[in-house]
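Asks: Sequence first, predicted coordinates after that:
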Amino acid sequence: MPRITIEVGTREHYTRQVSKATLLLAAKGYVNVGTLSIGGAPAALRRLAEELMTVADETEQQERE
């Protein structure tokens, strides 16, 4: 997968949506940051959220040092 870096500011517009599950497709969640959309299964979104929280905590700690 190619590497893509996205710089996110505090002024970005965030929205979220959930697609409904059907007989053939599972439900998926999406977070929209401006025109960027990040989506996936619940487990994948939770993993991404955990990593984002970890790096935010580490960054704040680095700034205090």
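Replies: Good, I have the coordinates.

Asks: Give the burial count for Val31, as a bare number.
Replies: Using other Cβ atoms under 10 Å as the criterion, Val31 is surrounded by 16 other residues. C-beta: built from backbone N, CA, C; applies to glycine.

Asks: hang on, it is in a strand, isn't it?
Replies: Yes - assigned with DSSP: H, G, I helix; E, B strand; the rest coil, Val31 falls within a strand.

Asks: and it, how far is that from Glu63?
Replies: Distance check for Val31 against Glu63: by Cβ to Cβ, to the nearest Å, it reads 25 Å.

Asks: packing partners for the stretch of helix or strand Thr15 belongs to?
Replies: Using DSSP states H and E, Thr15 falls within strand 14-19. On a contact count with 3 or more Cβ pairs under 8 Å, 6 or more residues apart in numbering; DSSP states H and E, strand 14-19 meets strand 28-33.

Asks: Compute the inter-axis angle for the strand it packs on and strand 14-19.
Replies: 160 degrees (axes from the mean of the first three to the mean of the last three Cα atoms, to 10 degrees).

Asks: I'd like the numbering to begin with 27 instead of 1 from here.
Replies: Sure, I'll start counting at 27 from here, so that last one is strand 54-59.

Asks: next structured bit after strand 54-59?
Replies: With elements assigned by DSSP H and E, the helix or strand that comes after strand 54-59 is strand 62-66.

Asks: counting contacts, what elements does that following strand pack onto?
Replies: strand 54-59, helix 68-90.

Asks: partners of Lys54 in the sheet?
Replies: Residues in a beta bridge with Lys54, per DSSP bridges, are Ser45.

Asks: Tell me how many other residues surround it.
Replies: 16.

Asks: same question, His39
Replies: Using other Cβ under 10 Å, His39 is surrounded by 8 other residues.

Asks: what pLDDT does the nearest residue to it once chain neighbours are set aside get?
Replies: Leaving aside its chain neighbours, His39 sits nearest to Gly60 (6.0 Å; criterion: Cβ to Cβ, 6 or more residues apart in numbering). You'll see Gly60 listed with a pLDDT of 87.

Asks: from the helices and strands packed on strand 62-66, which stretch is densest packed?
Replies: Counting by mean count of other Cβ atoms under 10 Å, strand 54-59 has the highest mean neighbour count of the helices and strands packed on strand 62-66, with a mean of 15.
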